Every structure is written in C-alpha cells, then in structure tokens.
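[1] Whatever this is, show me its structure:
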Amino acid sequence: MSLRNKVQGMVVVCVAVLVGVGVVALPAAPAVSQGVLIGTFDLGPGGAPGARPYNNTAGNTWLMKIWSPLVSFNQDINGLAPQLAVRWQANAGATTWTFTLRPNVKWQDGAPFDATDVKFTLELALNPAFGWRYEPGLTNLLVGASAFAKGQAKEIDGIKITGPLTVEFSLTQADPRFPYRLLWAYILPAHILKGQDPAQLARSNWFMTQPIGTGPWKVARYLEDQYQDTVPNQYYWNGVPHLAHLINRYINDQTAATIALQRGEIQFAYTDPDVAAQLKTNLALRILSGSSFTSNYISLNMRNKRFQDPRVREALLAAIDRPTIVHNVFKDTAYMAPCDLPEKQFWPANVKTYPYNPAHARDLLRAAGWTSDPVTLWTYYDSQQQKDALQAMQQYLAQVGVMVTPSVMDVPAYNARYYTGVGWDASYRGAGIAFGQSPRFYVLASAQTQDGKPWGGWDDPRLPSVVEASERASSDRDYTQGMQAVCAYEAETLFELPLWVGFRYGVVSTTVRNFYWYPAPSGGPYEDHSERWERMP
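    Now for the predicted structure:
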C-alpha cells in the first residue's frame, strides 16, 4: 500500500473513532466566536505538550505565548530579536556582557518586572534541584555558577544587577555568541516563586494551571492532556492581543488533527509533507512551510560495547539507503546530511560521506564479530511518514543481519528515559541547530545521565575542544569554520549516524489573519507576534 493510501485509510478510521466517541469539549466560547483561535501548537516534532520552562526539549512555539525570554530568534531564524532585553553589548574581550531590559514591563498580575527577576530565574534554573534539561553551558561559563551548582555559594557571582533594568554577566572565557545561550531562558516571577523549594517547584503543576508570565497570553484554564485555554494579557508590553481566546489543543495523532482542521474544529495544525500536499487544494486552508533546521540522526548508546567498534558504526550507516528513503518516503521534501548540523554552510566541502553499500556493510559487520542480538531503536516521532521511514530503516538493516526493534514513545516518556543514558541501544531523533547556536546540547550534555557522560555515552576528550573552538570564534566566518570542524569530526567518528534534514509544514484556516508560524528548531522561540493574530467569521 502506498503512503498516500495509508494516510487516506487512517483518515477514514479516525473519522469513525471521532464520531463514535466525540471530540473533547472545550470551555464555552466567548460571545464573539470569531475571536477564538484553537490550534495544536504542540503537535509534531517541535512540540512538547504540557512542558514547563527549563524542563522542555521543544514546545517553544507555545511556551513563548505565556513566557518571555530575554531574546528570541527573529521570524526568519537567521538572527536574534529583542524580547525582555532590548540591548546587549559585550566588552572588547567578550568576557562581560551587559543586557539592558525593556522598561515598563509588567507581569500578568500587574507586578513590575525588573532585573531582580532575571537573576532569580537563572539561579533557579541552574540549581540542580530544579534542573535545566538543555542547560546551554552556563554552569561552566558564568563566573561562580559551578560553585553555586555544587552548593558552595548562595548566589552566582557572574550575574550582577547593575541597575533596575540592567544585568551584567561575567564569563570565565570569551563567548562572542553568549546571547544565543539565553534563547530558552524564559524569565520567571521572583515575587511569586522566590523562597520556594526548587525541587518541589520542579514537580509543581503551577506552570500549567496558574502561571504568571510576561508573554501575550495568560492561562485561564488547563485540562491535562486535553487543552490549555489562554486569554489576552492586558499588560503585555507589545500591545494587548486581538483574539479573545488562544487555545492549545493536545491532539497526539496528526490524522485526527487534520480531520479536526477540515471540520473547522481547530484552525491550526502541524502536518507532514505528504498530508500538506493533499490539503493544497482545500481553499479553506493555507499551507505554511520552511526548513526544519533539524537533522534527523540515529543516536547510538556507546555504553553498548558493540557500538564502540567504528566498523559497526560505518556498517550501520552504509546499510541504510538514505537517498531512496528521502525520495520515496519523504517525497523529496528532505535532503541528506553528512552530520547532525542541519545548515549546509556548516558542511565542509570534503566532508566524508558513506554511500549505500550493503555488501560493504556485511563485510564490516562480519569482521567486527557482530551478533544477532536485536537492537532497540527508540523514537518520539509518531507521524505516519516518520514511522514509514523507521520501517524502511528497519528493513534495510535486517538485510545485513542487524535486527532492529522500534519503539515509538510519547515525548514525556521518552524524555524521562532517554536522558538517563540507560535502558536503550539507539534512538532515531532530531537535532535542531540554527546559525549562532552550538551543538553542545546534543553532543556534550550530561546533566541527566546516571554516569555523568553525554546522553549517548560518547566520551572522547577531543570533542569538547572542537565544540568549544566554534563557540569561542570571534567572527561569523571563524564560527562557520568551527562548525565545519564539528561536522567533519562527526562524519569521521560516526558516534551518531547522520540521516537527513526535512522541511516542515503547518496548515492554518483562511479565517485567521496576520498569522505567522515557522518550523523553528525546538519550536523556537521566535517572533510570531501572536498579539496581532485575528480570527474572522
């Protein structure tokens, strides 16, 4: 059965299910129904339903509706845009950064925002008891942060309040792109959370049920696993939103979301390329698309001794016919990548590649003494197209004697287990990295693992120095060359198996005006000006 027929078949089944059980009822809409916009903002790989700031691995498209970071991506994901910070400037050595905060900002309860909130937030986020899942290297970079994290200091000396609206960051070494590390630093209200136990706060449902942020939307009602209903923040620093309600529906199945979209029950959904192609003829819908900035790759757990043999890693990649999967499964809406850095400018001209060669893969596996023990392959990708890609990889690997057992998990279950570094062999996942960022999160992160090693267990002392060289680059040209060195290292060692980079698609009702969405890495955050969105009759 073709992928198209599979999707159409699923739609028929899903309609029957929806009709049989009914759609979860939402709160009564306000009198002006055209002022309500319902979307599945956490559907797809850029989503993280029910995530709180600092514990999320994605979902920033929605988190930024409630919270504001100091900076965000701009709308095209090719630079930074001011949010709670309006200016940032480094000293000559890029070891001290001064951020000037936006004046006259209020929290959603009317309390004033100031520099105290910034220092409080970062010290909370860098407290191990609270936890920052994608901690961007600030513990080692900020002066005094390491001692603070170890409980040897009561505050971080490298974060100083130099005025009501100015914060100074002192670094242990030069970092010309330090502001990019603060992309996911959503600022939290000190006047509400100060004095609370970080460990208890990390487990609190306050972030979902009654959060107070500085973003354009304020939570009015939350029903776990069903929706989060928000209303305009009357104090929003960039203008009161036009809509009466913005609702995030938690729909896990893309086919069900597509049906709800076609029936007018929701007005926005993420969708796969093949489904987007089918919806192009629907005049009531508008297709949105862009680069995912996300490389799909297979993370190998190097704690498994079988993967420590470089011949095995090369064999696994040579066994997968990536060009055929890109063409037949993704319908050429993806392109092959030589490493897990998605931007082509990060790929050196002479980077090593591994063409499809099953005979060579069998020879390598035989020489390495490969056994027939099955390999578990975890993923959080649950769309039909990604499942088809996973099935194709499973079949290709079986042809060379590698038996793979896929396991599709929801995001919370995956996050709770993958980042421990134990209980899994390999994982099909994505790395979202845009210009200005560092791959540190994906290749060096170790805060969640039980043995202190990176998630995949790769523990080569060369890798940190390669990554850090790109981070310390003083110019965009040197930064690009540094990232190319990272790519070359990954292609040489294959401690992760690079696959492809895809385009991603969203679909919005034509009744929605001034709407902007972009498939940013990890869902953003980026400028979308949701305060300007409107819903027409």
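
[2] ok, longest strand in this structure?
    Determined from DSSP state E, the single longest strand within the chain is strand 285-300.

[3] how far off strand 285-300 does the strand or helix carrying Gln385 point, in degrees?
    Per DSSP states H and E, Gln385 falls inside helix 384-398. Angle of helix 384-398 versus strand 285-300, following axes from the mean of the first three to the mean of the last three CA atoms, to 10 degrees, is 30 degrees.

[4] thinking again about what came up before, and the longest strand of the chain, what other elements does it pack with?
    Under the contact definition 3 or more CB pairs under 8 Å, 6 or more residues apart in numbering; DSSP states H and E, strand 285-300 sits against helix 273-279, helix 310-318, strand 426-432, strand 496-509. Placement of C-beta: from N, CA and C, glycine included.

[5] What strands flank that strand, and is each parallel or antiparallel?
    Here strand 285-300 is paired, per DSSP bridges, with strand 426-432 (antiparallel), strand 496-509 (antiparallel).

[6] how about a markdown table for the ones you listed, with mean pLDDT, distance to Asp175 and mean neighbour count added?
    Formatted as a markdown table, the strands paired with strand 285-300 follow (pLDDT from 0 to 100; distance: least, CB to CB, whole Å; neighbours: other CB atoms under 10 Å):
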| stretch | mean pLDDT | distance to Asp175 | mean neighbour count |
| --- | --- | --- | --- |
| strand 426-432 | 94 | 21 | 24 |
| strand 496-509 | 96 | 25 | 24 |
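
[7] Can you check which of these gets nearest to Thr214?
    When the strands paired with strand 285-300 are compared by CB to CB, strand 426-432 sits nearest Thr214, at 24.5 Å.

[8] residues in contact with that closest one?
    Applying CB atoms under 8 Å, 6 or more residues apart in numbering, the contact partners of strand 426-432 are 45-46, 58, 292-301, 307, 340-342, 375-381, 386, 390, 393, 404, 406, 418, 439, 442, 520-522.

[9] Which of those are buried? Put it as a ChimeraX command.
    Applied in ChimeraX, the following selects the buried portion of the contacts of strand 426-432 according to 16 or more other CB atoms under 10 Å:
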select :45,46,58,292,293,294,295,296,297,298,299,300,301,307,340,341,342,375,377,378,379,380,381,386,390,393,404,406,418,439,442,520,521,522
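
[10] Would you check that Thr166 makes contact with Ala115?
    Yes: if you go by CB atoms under 8 Å, Thr166 and Ala115 touch, sitting 6.2 Å apart.

[11] Now the common contact residues for the two.
    By the contact definition CB under 8 Å, 6+ apart, Thr166 and Ala115 are jointly contacted by Leu101.

[12] So for those two, which sits in the more crowded spot?
    Between Thr166 and Ala115, Ala115 has the larger neighbour count (other CB atoms under 10 Å), namely 21 against 17.

[13] Can you show me the strands along the stretch 401-537 of the chain?
    In the stretch 401-537 of the chain, the strands defined using DSSP state E, counting those that start in this stretch lie at 404-408, 426-432, 496-509, 512-513, 534-535.

[14] nearest to Gln89, of those?
    strand 426-432 (27.6 Å).

[15] Return the helix or strand in this structure with minimum mean pLDDT.
    For the chain, counting by mean pLDDT, DSSP states H and E, helix 3-21 ranks last in confidence among helices and strands (a mean of 31).

[16] next structured bit after that helix?
    strand 36-40.

[17] quick one: contacts of that following strand?
    Against strand 36-40 from outside (CB under 8 Å, 6+ apart): 26, 29-30, 47, 243-251, 257, 260, 265-270, 508, 512, 533, 535.

[18] Taking strand 496-509 as reference, get the angle to it.
    Put simply, strand 36-40 runs at 160 degrees to strand 496-509, going by the same axes, to 10 degrees.

[19] Parallel or antiparallel, list what pairs with strand 36-40.
    In its sheet, and by DSSP bridges, strand 36-40 pairs with strand 245-249 (parallel), strand 268-271 (parallel).

[20] among these, which is the most enclosed?
    Comparing these by mean neighbour count (mean count of other CB atoms under 10 Å), strand 268-271 ranks first with a mean of 28.
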